[in-house]
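Chemist: Predicted model and sequence follow; I will ask about them next.
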Amino acid sequence: MTKTIIKNGLLIDGNGGEPEKGSVVVVEGEQIVYVGAESNYSATGDETVVDAEGGTILPGIIDTHVHMMMEFSPIAERLATPFSFMYYKAAKHLETTLHAGITSVRDALGADLGIKKAVEDGLIAGPRLQLSINALTITGGHGDGYTVSGITTDILPSDYPGMPNGKCDGVEEVRKKTREMLRAGAEVIKVHATGGVLSATDHPEFTQFSMEELKVIVEEGRFRKGVKVMAHAQGAEGIKNAVKAGIHSIEHGIFIDDEAIELMKENGTFLVPTLLAPVAVLETAKDVGMPDTAIEKSKEVIEHHKASIAKAHKAGVKIAMGTDAGVMKHGTNLRELGLMADIGMTPMETIVASTKTAAECLGWEDKVGTLEQGKLADIIVVKGNPLEDIYSLANNETVQVVIKNGKIEKNIVETLVVS
């Protein structure tokens, strides 16, 4: 089996240590078989060599909060689009995401088992997927597409084969709906524990689901050999309820308070900031037909959001990178690292949050997230040194090479076979 050597670049392995010069990464099949000094590796002469050209070699980036089946669009456009068209668009979203340097994602609502199988079987190019299928939501809550006109306009269709509707109320309905998501292939359960910015009939600070309902969701996941729960949680009360119920990760965390931060630290709860989401709502509002309620709520929350994430980071809460891609265009995900730097994270901390910590959040730390012998060969090469300019990663042309499972998926640098 031919080996591939990635060389001539600064090595950032994802663990947070000092970058290394003069190191190489060697890949055989799907795995990394050597990481270390080039001088200590004996090349056979038959390897394929990827020349990093003085750039930086990194682990594949992990986005823990995406929606691969959508990009927000005007209601009129959604109503005029045939159902099956979303799958063809999803194939493009997946490829764009992969070429942006993202080799693994946690889909937070919308992708079904067919999408995952298509990627795994090589029918379409895309990042490795962890599925939530659909999100659990209360009647009238975030995720309920009911509008004040009395017409329901969900962002994504549901109630089709493989995609259960997520609305449920009361402990027994919640238990059954969780089981339906698990039956449909959910590898993580998604719940809306508060209202949200894009909801027409609620607010980010509104609390959804009782403590008893949240505990049932966690319990049902635990019964399935440790399936975790991720909670869309923006208001402080909803965040605290989710953490107390045993939920694994808090998504957004806009109005997080000191008590919630302490609870998250005590319980080892992950925080997925999605700082890009309200920024993107305001930037793209006119082009994609964002409702006026979403625009006003984004304006209201954006400074709270930044302050909350900064406070949580300073206190030592575990932060895993996530973007809410689908609310904004896919492939723009790595803007999130610059936004995390803006609230006080060092460039290295943003990279660790996007690799090692993100892998831990997904429960995949044994196979991805760092460049180490024995792990899957998910590797990217970028121009320059992102520690000197973390914002450069927002430009997809900065990402020169993308390798997933040992396969070169994108390459715009010189590749040669050593003879």
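Modeler: In hand now; what should we look at? Numbering: from 1, shown residues only.
Chemist: what's in contact with the helix or strand encompassing residue 336?
Modeler: Using DSSP states H and E, residue 336 falls within helix 335-342. Helix 335-342 has contacts (CB atoms under 8 Å, 6 or more residues apart in numbering) with 63, 273-276, 279, 306, 309, 319, 321-323, 347, 349-351, 353-354, 386, 390-391, 393-394. Where you see a C-beta, it was placed from the backbone N, CA and C, and this is true even at glycine.
Chemist: Now the element after it, going C-ward?
Modeler: helix 347-353.
Chemist: tell me which residues in that following helix are buried?
Modeler: Neighbour counts using 16 or more other CB atoms under 10 Å place 347-353 of helix 347-353 among the buried residues.
Chemist: quick one: the strands in the stretch 301-419 of the chain?
Modeler: Applying DSSP state E, counting those that start in this stretch to the stretch 301-419 of the chain gives strands spanning 318-319, 379-382, 399-404, 407-411, 415-417.
Chemist: Dump those strands to JSON lines, plus mean neighbour count and distance to residue 197.
Modeler: JSON lines is the format used below for the strands of the stretch 301-419 of the chain (neighbours: other CB atoms under 10 Å; distance: least, CB to CB, whole Å):
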{"stretch": "strand 318-319", "mean neighbour count": "22", "distance to residue 197": "20"}
{"stretch": "strand 379-382", "mean neighbour count": "26", "distance to residue 197": "31"}
{"stretch": "strand 399-404", "mean neighbour count": "24", "distance to residue 197": "29"}
{"stretch": "strand 407-411", "mean neighbour count": "17", "distance to residue 197": "33"}
{"stretch": "strand 415-417", "mean neighbour count": "11", "distance to residue 197": "43"}
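Chemist: Make CSV out of these and add distance to residue 250 and mean pLDDT.
Modeler: Formatted as CSV, the strands of the stretch 301-419 of the chain follow (distance: least, CB to CB, whole Å; pLDDT from 0 to 100):
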stretch, distance to residue 250, mean pLDDT
strand 318-319, 10, 98
strand 379-382, 27, 98
strand 399-404, 28, 98
strand 407-411, 31, 96
strand 415-417, 42, 57
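Chemist: Out of these, flag the one nearest residue 108.
Modeler: The closest of those to residue 108 is strand 318-319. By CB to CB, the value is 16.4 Å.
Chemist: doesn't residue 9 make contact with residue 53?
Modeler: Yes. Checked against CB atoms under 8 Å, the pair residue 53 and residue 9 is within contact range at 7.4 Å.
Chemist: More neighbours: which of these two?
Modeler: Comparing residue 53 with residue 9 by other CB atoms under 10 Å, the one with more neighbours is residue 9, at 29 against 14.
Chemist: My guess is that one contacts residue 381. True?
Modeler: Yes. Applying CB under 8 Å, one finds residue 9 in contact with residue 381, separated by 6.1 Å.
Chemist: Now the common contact residues for those two.
Modeler: 52, 55-57.
Chemist: among those, which are in strands?
Modeler: 56-57 (DSSP state E).
Chemist: hmm, back to that, return the closest of the buried residues of helix 347-353 with respect to residue 138.
Modeler: Checking the buried residues of helix 347-353 against residue 138 with CB to CB, the nearest one is residue 353 at 30.7 Å.
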